[in-house]
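> here is my input; please provide its structure:
(one chain, ligands or ions: 1)
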Amino acid sequence: MSRTPAIHATGLRKQFRATDGSEVVAVDDVDLTVQPGEIVAFLGPNGAGKTTTVDMLLGLTTPSGGTVEVYGEAPGRAVATGRVSAVMQTGGLLNDFTVLETVQAIAHLHGRRDRVDDAIERAGLAPIAKRRVQACSGGEQQRLKFALALVPDPDLIILDEPTTGMDVSTRQSFWETMRADAAEGRTIVFATHYLAEADEFAERTILMKSGRIVQDGRTADVRAAFGGRTVSFQPPAEFVHADGIDPDWLARVSAALEPLGISDVEVSSASLEAAFLALTAADTHELEGADR
Ligand SMILES: Nc1ncnc2c1ncn2[C@@H]1O[C@H](COP(=O)(O)OP(=O)(O)OP(=O)(O)O)[C@@H](O)[C@H]1O
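Sure, this is the predicted structure:
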């Protein structure tokens, strides 16, 4: 029997009326299924429709068309029952509360006072639990929002640009926590501008542009679809050492390829950045017809 997907959306659409009266289609006919335990990155240029999609997944915005279910329920209901929670870019914290008081207040609202310590611990906030919110850095406030999202112990966590304001090491430990959570079965969907984050942490990447999904697949495949000029291969295990591939063996490979007119053999993967640049440079139409 198939499992109920964490997210199931079909023909999802959202249009807004701009101030000049014209219609803006923010999300245009999006089909999306995310299975429990997946880590999925949403990438796309400004205005691609990522936040609007996330808002619909959380029941914050009503779709203009199509259907969306979270664990088989209406998104608003999944939020109310604590199955899904979010770390959003906007949304105020109370400046006069301490970190601990903030988590306690939200835990109280959810009827989950038992979850305070775990949320504080997982978000790495124990050392600053007594600090007032107004004294917290941007990155620390992001971690506090993350702790609040963990309070209901959700099956699905949705994050919109979660690591904004975090330094490199905080970002790293944040994602280690997320990975551990995913390994325990939590589903993670995040929107990001950091290509490296999608590359490093998401098994699956969805590229959005102009309200549409233009690529959706394993992150490695999305990368390859755009930066597809790199030839890669798996060397025999005996030539792979801790510090890289045996240079003598690589020289032999180069020599063997030379008669075929192949030179400058380089071992590298195409970057997700190449994919992203291709996406932002070209029309959706051109991309769909791209043959690389
Ligand atoms: N309330 C609104 N009224 C009118 N237009 C809107 C509204 N919300 C979003 N839009 C428009 O919908 C489009 C998609 O916006 P959205 O915020 O979803 O993009 P995004 O991919 O999240 O962008 P960013 O990376 O900049 O956060 C944009 O053209 C935006 O101007």
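
> tell me the residue furthest from the middle of this protein?
residue 259 (44.2 Å; CA atoms, centre = their mean).

> assign a three-state SS to it, would you?
helix (DSSP: H, G, I helix; E, B strand; the rest coil).

> how much space separates it from the ligand?
Distance, residue 259 to the ligand, using CB to the nearest ligand atom, to the nearest Å: 49 Å. (Glycine included, C-beta is placed from N, CA and C.)

> could you do residue 61 as well?
8 Å.

> buried ones in the longest helix along the chain?
Looking across the chain with DSSP state H, the single longest helix is helix 168-183. For helix 168-183, a neighbour-count test (16 or more other CB atoms under 10 Å) marks 170, 171, 174, 175, 177, 178, 181, 182 as buried.

> try stretch 5-22
Neighbour-count burial for stretch 5-22 flags 5, 6, 7, 8, 9, 12, 13, 14, 15 (criterion: 16+ other CB under 10 Å).

> quick one: the third one and residue 54 touch, right?
No - when contacts are counted by CB atoms under 8 Å, residue 7 is not listed as touching residue 54 (10.6 Å).

> just the CA trace of the helix or strand residue 24 falls within, in PDB.
Residue 24 belongs to strand 23-34 when elements are defined using DSSP states H and E. Only the C-alpha atoms of strand 23-34 are listed here, as PDB (Å, rounded to 0.1, in the frame of the first residue of the first chain):
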ATOM      1  CA  GLU A  23      -3.200  40.100 -12.900                       C
ATOM      2  CA  VAL A  24       0.100  38.600 -11.600                       C
ATOM      3  CA  VAL A  25       0.300  34.900 -11.800                       C
ATOM      4  CA  ALA A  26       2.600  34.000  -9.000                       C
ATOM      5  CA  VAL A  27       2.200  30.300  -9.100                       C
ATOM      6  CA  ASP A  28       1.100  28.700 -12.400                       C
ATOM      7  CA  ASP A  29      -0.100  25.100 -12.600                       C
ATOM      8  CA  VAL A  30       2.300  23.400 -10.200                       C
ATOM      9  CA  ASP A  31       2.200  19.700  -9.600                       C
ATOM     10  CA  LEU A  32       4.200  18.500  -6.600                       C
ATOM     11  CA  THR A  33       4.400  15.400  -4.600                       C
ATOM     12  CA  VAL A  34       6.800  15.100  -1.700                       C
END
